[in-house]
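Colleague: I need the structure of the sequence given here:
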Amino acid sequence: MQGVLTGFAVIAVVIGVGYLLGRGGHLGPQGREVLTKLAFHVASPALLFTTLARADLSVVFSSRLLVTALSTFAVAGVFVAVGAARRWGVGRTTIGALCSGYVNSGNLGIPIAVYVLGDASLVAPVLLFQLVFLAPVGLTVLDLSGGAGRTGPLWRKLLTPLRNPIAVGSLAGVAVAASGLRVPAPVLDPLTLIGNMSVPAVLMAFGISLCGSAMPFRGPDRAPVLLAVVLKSVGQPAVAWVLAAGVFGLRGAHLLDVVVTSALPTAQNMYTYAGQYRVGERLARDVVLVSTVAAVPVLVGVAAVLG
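Modeller: Below you'll find the model as predicted:
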(Lines give C-alpha, C1' and ligand atoms only; values in the text may rest on other atoms or scores of the structure.)
Protein backbone atom coordinates (compact mmCIF):
# COMPACT_ATOMS: atom_id res chain seq x y z
CA MET A 1 0.00 0.00 0.00
CA GLN A 2 3.06 2.26 0.06
CA GLY A 3 2.51 3.32 -3.54
CA VAL A 4 -1.08 4.41 -2.90
CA LEU A 5 -0.14 6.41 0.19
CA THR A 6 2.96 7.93 -1.45
CA GLY A 7 1.04 9.11 -4.49
CA PHE A 8 -1.70 10.73 -2.45
CA ALA A 9 0.79 12.30 -0.02
CA VAL A 10 2.65 14.04 -2.85
CA ILE A 11 -0.56 15.44 -4.28
CA ALA A 12 -1.81 16.58 -0.86
CA VAL A 13 1.41 18.46 -0.09
CA VAL A 14 1.43 20.41 -3.36
CA ILE A 15 -2.29 21.23 -3.08
CA GLY A 16 -1.60 22.38 0.48
CA VAL A 17 1.10 24.73 -0.76
CA GLY A 18 -1.39 26.21 -3.22
CA TYR A 19 -3.95 26.62 -0.46
CA LEU A 20 -1.45 28.48 1.71
CA LEU A 21 -0.50 30.71 -1.22
CA GLY A 22 -4.17 31.50 -1.72
CA ARG A 23 -4.79 32.17 1.97
CA GLY A 24 -1.83 34.53 2.13
CA GLY A 25 -2.64 36.26 -1.16
CA HIS A 26 0.98 35.89 -2.27
CA LEU A 27 0.08 35.52 -5.96
CA GLY A 28 -2.54 38.25 -5.95
CA PRO A 29 -6.20 38.01 -6.94
CA GLN A 30 -5.35 36.58 -10.37
CA GLY A 31 -2.91 33.93 -9.14
CA ARG A 32 -5.18 30.95 -9.81
CA GLU A 33 -6.11 32.18 -13.26
CA VAL A 34 -2.48 32.79 -14.20
CA LEU A 35 -1.45 29.30 -13.08
CA THR A 36 -4.38 27.78 -14.96
CA LYS A 37 -3.53 29.60 -18.19
CA LEU A 38 0.16 28.75 -17.80
CA ALA A 39 -0.67 25.06 -17.45
CA PHE A 40 -3.21 25.03 -20.30
CA HIS A 41 -1.38 27.08 -22.93
CA VAL A 42 2.30 26.35 -22.20
CA ALA A 43 3.28 23.72 -19.64
CA SER A 44 0.74 20.95 -20.35
CA PRO A 45 1.24 20.96 -24.15
CA ALA A 46 5.00 20.73 -23.58
CA LEU A 47 4.55 17.87 -21.10
CA LEU A 48 2.24 15.96 -23.43
CA PHE A 49 4.58 16.38 -26.39
CA THR A 50 7.68 15.20 -24.53
CA THR A 51 5.78 12.28 -22.97
CA LEU A 52 4.20 11.01 -26.17
CA ALA A 53 7.21 11.68 -28.41
CA ARG A 54 9.12 9.00 -26.49
CA ALA A 55 6.18 6.62 -25.97
CA ASP A 56 5.87 3.08 -27.33
CA LEU A 57 2.79 3.28 -29.52
CA SER A 58 2.48 -0.51 -29.66
CA VAL A 59 0.52 -0.32 -26.40
CA VAL A 60 -2.34 1.19 -28.40
CA PHE A 61 -3.23 -2.29 -29.62
CA SER A 62 -3.24 -3.97 -26.21
CA SER A 63 -6.30 -5.46 -24.51
CA ARG A 64 -5.69 -3.14 -21.56
CA LEU A 65 -6.38 -0.18 -23.82
CA LEU A 66 -9.68 -1.70 -24.95
CA VAL A 67 -10.78 -2.23 -21.35
CA THR A 68 -9.82 1.35 -20.49
CA ALA A 69 -11.61 2.79 -23.51
CA LEU A 70 -14.80 0.75 -23.05
CA SER A 71 -15.06 1.46 -19.31
CA THR A 72 -14.51 5.18 -19.98
CA PHE A 73 -17.16 5.28 -22.69
CA ALA A 74 -19.59 3.45 -20.41
CA VAL A 75 -19.40 5.85 -17.45
CA ALA A 76 -19.11 8.97 -19.62
CA GLY A 77 -22.13 7.81 -21.63
CA VAL A 78 -24.19 7.43 -18.46
CA PHE A 79 -23.31 10.97 -17.38
CA VAL A 80 -24.10 12.38 -20.83
CA ALA A 81 -27.48 10.63 -20.87
CA VAL A 82 -28.38 11.95 -17.41
CA GLY A 83 -27.05 15.40 -18.24
CA ALA A 84 -29.12 15.57 -21.40
CA ALA A 85 -32.25 14.42 -19.57
CA ARG A 86 -31.68 16.93 -16.74
CA ARG A 87 -30.66 19.70 -19.17
CA TRP A 88 -27.37 20.51 -17.49
CA GLY A 89 -26.01 22.12 -20.67
CA VAL A 90 -23.43 20.93 -23.19
CA GLY A 91 -20.40 22.49 -21.52
CA ARG A 92 -21.30 21.41 -18.00
CA THR A 93 -22.25 17.91 -19.14
CA THR A 94 -18.99 17.57 -21.07
CA ILE A 95 -16.94 18.52 -18.00
CA GLY A 96 -18.95 16.08 -15.88
CA ALA A 97 -18.52 13.26 -18.40
CA LEU A 98 -14.76 13.85 -18.53
CA CYS A 99 -14.61 13.92 -14.72
CA SER A 100 -16.45 10.58 -14.66
CA GLY A 101 -13.87 8.72 -16.72
CA TYR A 102 -10.63 10.71 -17.06
CA VAL A 103 -8.26 9.16 -14.50
CA ASN A 104 -5.21 10.69 -12.85
CA SER A 105 -2.76 8.51 -14.76
CA GLY A 106 0.18 10.91 -14.55
CA ASN A 107 1.19 12.39 -11.22
CA LEU A 108 -0.78 9.77 -9.21
CA GLY A 109 -0.98 6.85 -11.64
CA ILE A 110 2.77 6.61 -12.23
CA PRO A 111 3.86 6.32 -8.55
CA ILE A 112 1.04 3.87 -7.85
CA ALA A 113 2.05 1.82 -10.91
CA VAL A 114 5.63 1.72 -9.62
CA TYR A 115 4.87 0.84 -6.00
CA VAL A 116 1.72 -1.27 -6.38
CA LEU A 117 2.00 -2.80 -9.86
CA GLY A 118 5.79 -2.81 -10.11
CA ASP A 119 6.02 -1.20 -13.57
CA ALA A 120 5.44 2.46 -14.48
CA SER A 121 4.84 1.55 -18.14
CA LEU A 122 1.57 -0.17 -17.20
CA VAL A 123 -0.22 3.19 -17.13
CA ALA A 124 0.89 3.91 -20.71
CA PRO A 125 -2.30 2.58 -22.39
CA VAL A 126 -4.65 4.76 -20.35
CA LEU A 127 -2.27 7.72 -20.60
CA LEU A 128 -2.10 7.50 -24.40
CA PHE A 129 -5.84 6.95 -24.78
CA GLN A 130 -6.63 10.01 -22.69
CA LEU A 131 -4.04 12.28 -24.27
CA VAL A 132 -4.52 11.25 -27.88
CA PHE A 133 -8.28 10.71 -28.01
CA LEU A 134 -10.29 11.64 -24.92
CA ALA A 135 -8.82 15.08 -24.20
CA PRO A 136 -8.86 16.34 -27.82
CA VAL A 137 -12.46 15.16 -28.32
CA GLY A 138 -13.67 16.65 -25.03
CA LEU A 139 -11.91 19.97 -25.61
CA THR A 140 -13.22 20.14 -29.17
CA VAL A 141 -16.78 19.75 -27.85
CA LEU A 142 -16.11 22.54 -25.34
CA ASP A 143 -14.70 24.73 -28.11
CA LEU A 144 -17.69 24.14 -30.39
CA SER A 145 -20.20 24.64 -27.59
CA GLY A 146 -18.83 28.12 -26.87
CA GLY A 147 -19.61 31.32 -28.72
CA ALA A 148 -16.70 30.99 -31.09
CA GLY A 149 -17.76 27.52 -32.17
CA ARG A 150 -21.35 28.34 -33.06
CA THR A 151 -20.58 30.57 -36.01
CA GLY A 152 -18.18 30.53 -38.92
CA PRO A 153 -17.54 28.21 -41.87
CA LEU A 154 -17.53 24.43 -41.58
CA TRP A 155 -13.80 24.14 -42.31
CA ARG A 156 -13.03 26.31 -39.30
CA LYS A 157 -15.10 24.04 -37.04
CA LEU A 158 -13.35 20.94 -38.41
CA LEU A 159 -9.98 22.50 -37.59
CA THR A 160 -11.00 23.22 -33.99
CA PRO A 161 -8.67 20.53 -32.50
CA LEU A 162 -5.70 22.11 -34.25
CA ARG A 163 -6.31 25.41 -32.45
CA ASN A 164 -6.28 23.79 -29.02
CA PRO A 165 -2.82 23.73 -27.37
CA ILE A 166 -3.52 20.49 -25.45
CA ALA A 167 -4.60 18.69 -28.61
CA VAL A 168 -1.70 20.12 -30.62
CA GLY A 169 0.86 18.98 -28.06
CA SER A 170 -0.64 15.47 -27.91
CA LEU A 171 -0.97 15.00 -31.67
CA ALA A 172 2.52 16.38 -32.33
CA GLY A 173 4.00 13.95 -29.81
CA VAL A 174 2.20 10.99 -31.40
CA ALA A 175 3.37 12.06 -34.86
CA VAL A 176 7.00 12.15 -33.69
CA ALA A 177 6.70 8.75 -31.98
CA ALA A 178 5.05 7.19 -35.04
CA SER A 179 7.72 8.58 -37.40
CA GLY A 180 10.57 7.22 -35.30
CA LEU A 181 12.31 10.57 -35.32
CA ARG A 182 14.59 11.49 -32.44
CA VAL A 183 14.04 15.01 -31.16
CA PRO A 184 17.40 16.79 -30.69
CA ALA A 185 18.34 17.50 -27.09
CA PRO A 186 18.52 21.30 -27.61
CA VAL A 187 14.82 21.14 -28.58
CA LEU A 188 13.62 18.45 -26.18
CA ASP A 189 15.37 19.65 -23.02
CA PRO A 190 13.73 23.11 -22.87
CA LEU A 191 10.34 21.53 -23.56
CA THR A 192 10.93 18.99 -20.78
CA LEU A 193 11.85 21.79 -18.38
CA ILE A 194 8.72 23.76 -19.29
CA GLY A 195 6.55 20.65 -19.10
CA ASN A 196 7.74 19.97 -15.57
CA MET A 197 5.76 23.04 -14.49
CA SER A 198 2.45 21.50 -15.55
CA VAL A 199 1.58 19.22 -12.62
CA PRO A 200 2.69 21.63 -9.85
CA ALA A 201 0.87 24.53 -11.53
CA VAL A 202 -2.36 22.53 -11.83
CA LEU A 203 -2.19 21.28 -8.25
CA MET A 204 -1.38 24.69 -6.77
CA ALA A 205 -4.15 26.35 -8.79
CA PHE A 206 -6.49 23.70 -7.41
CA GLY A 207 -5.27 24.43 -3.88
CA ILE A 208 -5.87 28.16 -4.34
CA SER A 209 -9.42 27.42 -5.51
CA LEU A 210 -10.17 25.74 -2.18
CA CYS A 211 -9.71 29.00 -0.26
CA GLY A 212 -13.10 30.22 0.90
CA SER A 213 -14.91 27.57 -1.14
CA ALA A 214 -18.07 25.88 0.06
CA MET A 215 -18.06 22.23 1.05
CA PRO A 216 -18.78 19.67 -1.74
CA PHE A 217 -22.32 18.39 -2.40
CA ARG A 218 -23.89 21.79 -1.84
CA GLY A 219 -25.53 24.19 -4.24
CA PRO A 220 -26.75 23.58 -7.81
CA ASP A 221 -23.88 21.20 -8.64
CA ARG A 222 -24.79 18.70 -5.95
CA ALA A 223 -26.46 16.18 -8.28
CA PRO A 224 -23.83 16.20 -11.07
CA VAL A 225 -20.99 16.03 -8.51
CA LEU A 226 -22.56 13.03 -6.78
CA LEU A 227 -23.19 11.28 -10.09
CA ALA A 228 -19.66 11.89 -11.39
CA VAL A 229 -18.04 10.73 -8.14
CA VAL A 230 -20.08 7.52 -8.04
CA LEU A 231 -19.33 6.78 -11.70
CA LYS A 232 -15.61 7.50 -11.26
CA SER A 233 -15.00 5.84 -7.91
CA VAL A 234 -17.29 2.83 -8.22
CA GLY A 235 -18.70 2.57 -11.73
CA GLN A 236 -15.52 2.71 -13.81
CA PRO A 237 -13.46 0.17 -11.82
CA ALA A 238 -16.48 -2.15 -11.63
CA VAL A 239 -17.03 -1.99 -15.40
CA ALA A 240 -13.30 -2.49 -16.01
CA TRP A 241 -13.31 -5.54 -13.70
CA VAL A 242 -16.26 -7.13 -15.52
CA LEU A 243 -14.82 -6.44 -18.97
CA ALA A 244 -11.27 -7.53 -18.11
CA ALA A 245 -12.27 -10.77 -16.40
CA GLY A 246 -15.46 -11.68 -18.24
CA VAL A 247 -14.81 -10.50 -21.79
CA PHE A 248 -11.03 -10.44 -22.25
CA GLY A 249 -10.19 -13.24 -19.81
CA LEU A 250 -7.53 -11.32 -17.91
CA ARG A 251 -6.34 -12.87 -14.68
CA GLY A 252 -3.80 -12.22 -11.95
CA ALA A 253 -1.47 -9.26 -12.42
CA HIS A 254 -3.08 -8.21 -15.73
CA LEU A 255 -6.51 -8.00 -14.10
CA LEU A 256 -5.09 -6.04 -11.15
CA ASP A 257 -3.40 -3.64 -13.58
CA VAL A 258 -6.53 -2.56 -15.46
CA VAL A 259 -8.76 -2.36 -12.36
CA VAL A 260 -6.25 -0.28 -10.40
CA THR A 261 -5.77 2.19 -13.24
CA SER A 262 -9.54 2.48 -13.69
CA ALA A 263 -9.96 3.12 -9.95
CA LEU A 264 -7.63 6.14 -9.99
CA PRO A 265 -9.41 9.41 -9.14
CA THR A 266 -10.33 12.18 -11.56
CA ALA A 267 -7.31 13.99 -12.96
CA GLN A 268 -6.63 17.57 -11.83
CA ASN A 269 -6.47 18.49 -15.53
CA MET A 270 -10.27 18.56 -15.50
CA TYR A 271 -10.20 21.59 -13.24
CA THR A 272 -7.73 23.27 -15.61
CA TYR A 273 -10.03 22.64 -18.58
CA ALA A 274 -13.09 23.86 -16.68
CA GLY A 275 -11.25 27.00 -15.61
CA GLN A 276 -10.03 27.70 -19.11
CA TYR A 277 -13.52 27.44 -20.62
CA ARG A 278 -15.26 29.01 -17.59
CA VAL A 279 -17.78 26.21 -17.35
CA GLY A 280 -18.40 23.66 -14.59
CA GLU A 281 -15.49 24.93 -12.48
CA ARG A 282 -17.06 24.04 -9.13
CA LEU A 283 -18.26 20.73 -10.55
CA ALA A 284 -14.73 19.79 -11.63
CA ARG A 285 -13.15 21.01 -8.40
CA ASP A 286 -15.54 19.05 -6.18
CA VAL A 287 -15.29 15.84 -8.24
CA VAL A 288 -11.48 15.97 -8.21
CA LEU A 289 -11.44 16.55 -4.46
CA VAL A 290 -14.03 13.93 -3.46
CA SER A 291 -12.87 11.25 -5.91
CA THR A 292 -9.27 11.68 -4.71
CA VAL A 293 -10.34 11.11 -1.10
CA ALA A 294 -12.59 8.20 -2.09
CA ALA A 295 -9.84 6.57 -4.17
CA VAL A 296 -7.78 5.72 -1.09
CA PRO A 297 -10.15 3.05 0.32
CA VAL A 298 -11.13 1.93 -3.19
CA LEU A 299 -7.52 1.32 -4.28
CA VAL A 300 -6.65 -0.36 -0.99
CA GLY A 301 -9.66 -2.65 -1.41
CA VAL A 302 -8.85 -3.50 -5.03
CA ALA A 303 -5.23 -4.27 -4.16
CA ALA A 304 -6.33 -6.44 -1.21
CA VAL A 305 -8.82 -8.47 -3.27
CA LEU A 306 -6.87 -8.84 -6.53
CA GLY A 307 -3.28 -8.34 -5.36
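Colleague: State the number of residues packed around residue 252.
Modeller: 9 (other Cβ atoms under 10 Å). (C-beta placed from N, C-alpha, C; glycine too.)
Colleague: Same check on residue 243?
Modeller: 22.
Colleague: cool, residue 141 as well?
Modeller: Residue 141, neighbours per other Cβ under 10 Å, totals 19.
Colleague: Grab the nearest non-local neighbour of residue 100.
Modeller: residue 231 (4.1 Å; Cβ to Cβ, 6 or more residues apart in numbering).
Colleague: Can you tell me the SS state at that neighbour?
Modeller: Classification of residue 231 using DSSP: H, G, I helix; E, B strand; the rest coil returns helix.
Colleague: Run through the residues that contact it.
Modeller: 75, 78-79, 100-101 (Cβ atoms under 8 Å, 6 or more residues apart in numbering).
Colleague: 10 Å instead?
Modeller: By Cβ atoms under 10 Å, 6 or more residues apart in numbering, residue 231 lies in contact with 74-79, 82, 96-97, 99-101, 238-239, 266, 287, 291.
Colleague: Could you report the separation of it from residue 244?
Modeller: 18 Å (Cβ to Cβ, to the nearest Å).
Colleague: What of residue 221?
Modeller: For residue 221, the distance to residue 244 - Cβ to Cβ - is 32 Å.
Colleague: Tell me how many other residues crowd residue 253.
Modeller: 13.
Colleague: any low-confidence regions in the stretch 151-300 of the chain?
Modeller: 151-163, 213-214 (pLDDT under 70).
Colleague: What are the boundaries of the strands in it?
Modeller: Read by DSSP state E, counting those that start in this stretch, the stretch 151-300 of the chain holds no strands at all.
Colleague: Could you measure from the residue sitting nearest the centre point of the chain over to residue 187?
Modeller: Nearest to the mean C-alpha position of the chain, counting by Cα atoms, centre = their mean, stands residue 267 at 3.4 Å. Using Cβ to Cβ, we find residue 267 at a distance of 27 Å from residue 187.
Colleague: Same check on residue 205?
Modeller: Residue 205 is 28 Å from residue 187, by Cβ to Cβ.
Colleague: for residue 181, same thing?
Modeller: 11 Å.
Colleague: Between those two, which contacts overlap?
Modeller: Contacts common to residue 181 and residue 187, judged by Cβ under 10 Å, 6+ apart, are absent.
Colleague: Residue 33: neighbour count?
Modeller: Neighbour tally, residue 33, other Cβ under 10 Å: 15.
Colleague: Check the gap between it and residue 247 for me.
Modeller: Distance from residue 33 to residue 247, by Cβ to Cβ: 44 Å.
Colleague: where do the helices sit along the stretch 201-307 of the chain?
Modeller: Counting by DSSP state H, counting those that start in this stretch, residue ranges of the helices within the stretch 201-307 of the chain are 222-230, 236-242, 252-262, 269-277, 281-306.
Colleague: Redo these as a markdown table? Include distance to residue 210.
Modeller: What follows is the helices of the stretch 201-307 of the chain, written out as a markdown table (distance: least, Cβ to Cβ, whole Å):
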| stretch | distance to residue 210 |
| --- | --- |
| helix 222-230 | 15 |
| helix 236-242 | 25 |
| helix 252-262 | 26 |
| helix 269-277 | 11 |
| helix 281-306 | 8 |
